[in-house]
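> Mind folding the following:
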Amino acid sequence: MKIDQLLEILRERRAHLSVDKGGCLRVDVPKGALNSELQGALRKQKKAIIALLESSASSQTDYKLDAVLPDGFKVRQTLLFQKPELVLLTGATGFLGKYLLAELLQQTSLEVICLVRPTGQDRVEKELKKSGIWEDSFRSRLSYIEGDLAEELIGLDSKIYNELVQKVDLIFHNGAHVHHGLPYSSLRAANVGGTLALLKLAAAAEASFHFVSSLSVLPSMSSGVTDRFFEADPLEEISPPRGGYNLTKWVAERLVENAGKLGLEIVIYRPGPISGHSVTGEFNRQDFLYRLVRGYIATGSAPAGKIPLDLLPVDYAARAMVWLTIRSSLRRDSLRRYHFLHPKPASSELLFEACERAGLGIQRIPYQEWFQTLTKVASAGQEDHPLYPLVGLFASRGKSAQDHSEKAMEVPYDCVETQKILSTAAFPLPSLDGALFDRYLEAIIKEERMKT
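Reported below is the predicted structural model:
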């Protein structure tokens, strides 16, 4: 088992890894969350994990320095905003990215260049066709360049880089190395260095910069915060989040903010939970809700209690981001942030009502009883079970999780200004209603049947 796979599994099971004063690896993990295979992998990778943790500890202290633009970073102040003709898009191979690409080509007349890894071109077209959003007419305005966010000049040779400087009018930076099990130091090159390299390109090309950040740069609901976070709040006034990936997004957004202060045209999108397509029901297979629902179906049970779901369907999120992109003729000294989450969260009861309509016998049981099911899955080492990767997310919550789920939680992220602007768009915000959950379940059940 590779070290990054091991760390991801441990993260999902809420394991806490640390190195004590004697240089020994300490592993605090909920009871029943480790099987013999994981224990063996830990012993085998112990030295590498210790080295990674020690490296991360030293680099964590430098994250504030990473958030400062280099002295040579300059933005021309005299140019007026011009209508873009060519956009550079990163992250087109991701779930949200493929829909952003389709919307850029459908809503605008822009030419789009996708920054992809080798073989990325084939993957982009394959994914768009699979989702039913590919059009042959796209090819006339779509091209690709091979690169890497973690490398110098985003992996481009100087000739191609200089050509981009001459041609690019807008950079839509959606790409990132998403891995919640790795430390800051392992994700820094792609997520922080890649963002800085693209900001330098934007400054040299005199292009606007649109950045897909995340609401994870702000304190989470589970942290017990009572404040509300508004789109106008500067990130520099908010404490950095926990977790290597979240911290890289926080640092990257700080760099973007600082570039905006120097005059670069900046738009920041902070999405929360992105769910499946509102019409087809297509889901990201790595999505938490997708895995959880499959687990409910597999076990025939789910914990009692209600939780709010503030999901935003991927097709709406992409359409809205691009719609805002082409309407953001901002001043050169301005910066705008948008929070992307559903303003009217639904109760999880709608999900279980949809399960009933689909003929799925999901029994609602006390949390502790359901938790025992998770423990059995972990103890038996059922790695092919849908709930297996999620065991650690619940293992340390115990009785408090049940109490928490019975309370109405207020989402602390304000999105009033974003929704006010989007209210003038021609496309409506999908409702989080029974019909939507019916479509999601239909898509999940269809995929499950195809596997058998």
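> which stretches of the stretch 151-300 of the chain form helices?
158-167, 184-188, 194-205, 244-261, 288-299 (DSSP state H, counting those that start in this stretch).
> Worst mean pLDDT among the ones you listed?
Note on those: lowest mean pLDDT is at helix 288-299, with a mean of 86.
> what separates it from the chain centre, distance-wise?
20 Å (C-alpha atoms, centre = their mean, to the nearest Å).
> Lowest average confidence across helices and strands of the chain, where is it?
Taking mean pLDDT, DSSP states H and E as the measure, helix 398-405 is the helix or strand of the chain with the lowest mean score, a mean of 42.
> What's the mean pLDDT across the next helix or strand after that one?
Past helix 398-405, further along toward the C-terminus, the next helix or strand under DSSP states H and E is helix 416-422. Averaging pLDDT along helix 416-422 gives 92.
> now stretch 306-318
pLDDT averaged over stretch 306-318 gives 91.
> quick revisit: will you turn the helices of the stretch 151-300 of the chain into CSV that also has mean neighbour count?
For the C-beta atoms, the positions are set from N, CA and C on the backbone; glycine is no exception. Listed next are the helices of the stretch 151-300 of the chain as CSV, based on neighbours: other C-beta atoms under 10 Å:
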stretch, mean neighbour count
helix 158-167, 14
helix 184-188, 23
helix 194-205, 22
helix 244-261, 23
helix 288-299, 19
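> From E257, how far off is the nearest residue to S214 once chain neighbours are set aside?
Using C-beta to C-beta, 6 or more residues apart in numbering and skipping the chain neighbours, the partner closest in space to S214 is K249 (5.0 Å). Remark: distance between K249 and E257 (C-beta to C-beta, to the nearest Å) = 12 Å.
> residues contacting the closest residue to G94 other than its chain neighbours?
In space, and not counting its chain neighbours, G94 is closest to N174: 7.0 Å by C-beta to C-beta, 6+ apart. For N174, the contacting residues are L89, T90, G91, A92, G94, L96, G97, L100, V212, by C-beta atoms under 8 Å, 6 or more residues apart in numbering.
> Now, these that are in strands?
L89, T90, V212 (DSSP state E).
> Would you mind listing the residues in contact with the first one?
Translated: L89. G97, L100, L101, L104, V112, I113, C114, L115, F172, N174.
> give me that answer again for 6 Å
By C-beta atoms under 6 Å, 6 or more residues apart in numbering, the contact list for L89 reads V112, C114, F172.
> any idea whether the first one is helix, strand or coil?
In three-state terms, and counting by DSSP: H, G, I helix; E, B strand; the rest coil, V112 is strand.
> Could you give the bridge partners of it?
Counting by DSSP bridges, V112 is bridged to V87, L142.
> next one: the last one
Listed by DSSP bridges, the beta-bridge partners for F172 are L89, H210.
> what about it, how many neighbours?
29 (other C-beta atoms under 10 Å).
> I'd say it and H210 touch.
Yes - using C-beta atoms under 6 Å, F172 is in contact with H210, at 4.7 Å.
> overlap in contacts of these two?
With C-beta under 6 Å, 6+ apart, F172 and H210 have no common neighbours.
> How much space separates the closest residue to F340 other than its chain neighbours from L341?
Of all residues not flanking F340 in the chain, P271 sits nearest, at 4.0 Å (C-beta to C-beta, 6+ apart). For P271, the distance to L341 (C-beta to C-beta) stands at 7 Å.
> Then K46?
Relative to L341, and taking C-beta to C-beta, K46 is found at 40 Å.
> Between those two, which has more neighbouring residues?
Comparing K46 with L341 by other C-beta under 10 Å, the one with more neighbours is L341, at 21 against 13.
> before we move on, the earlier item: the residue nearest to S214: what's it in contact with?
K249 neighbours (C-beta under 6 Å, 6+ apart): S213, S214, V217.
> I'd assumed T248 was in contact with the last one.
No - under the criterion of C-beta under 6 Å, V217 makes no contact with T248, lying 9.7 Å away.
> Any stretches of the stretch 351-452 of the chain with poor pLDDT?
391-410, 452 (pLDDT under 70).
> quick one, helices of it?
Along the stretch 351-452 of the chain, counting by DSSP H, counting those that start in this stretch, helices occupy 367-379, 391-395, 398-405, 416-422, 434-451.
> for these, which one sits closest to P234?
helix 416-422 (15.0 Å; C-beta to C-beta).
> got the CA positions of the closest one in CSV?
This file holds the C-alpha atoms of helix 416-422, laid out as CSV (Å, rounded to 0.1, in the frame of the first residue of the first chain):
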residue,chain,number,x,y,z
VAL,A,416,-26.9,36.7,0.3
GLU,A,417,-24.9,38.9,-2.1
THR,A,418,-24.2,36.0,-4.5
GLN,A,419,-27.8,34.9,-4.6
LYS,A,420,-28.9,38.5,-5.1
ILE,A,421,-26.8,38.8,-8.2
LEU,A,422,-27.7,35.3,-9.5
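> Can you give me the buried ones in that helix?
T418, Q419, I421, L422 (16 or more other C-beta atoms under 10 Å).
> Pull the most distant pair out of those.
Q419 and I421 (7.4 Å).
> who wins for most neighbours among the contacts of K249?
That'd be S213 among these, by other C-beta under 10 Å, with 24 neighbours.
> my guess is it meets I268, correct?
Yes - applying C-beta under 6 Å as the test, S213 and I268 come out as touching, 5.4 Å apart.
> Could you spell out which stretches of the protein belong to which domain?
Here the chain is described, according to automatic domain parsing, as comprising the domains 3-61, 68-271, 288-309+347-412+436-451.
> P271: neighbouring residues, count only.
22.
> still on that earlier bit, state the pLDDT value of the residue nearest to F340.
pLDDT, read off for P271, is 95.
> ok so, going back, closest one of the contacts of N174 to P303?
Out of the contacts of N174, the member with the shortest distance to P303 (by C-beta to C-beta) is L96, at 29.0 Å.
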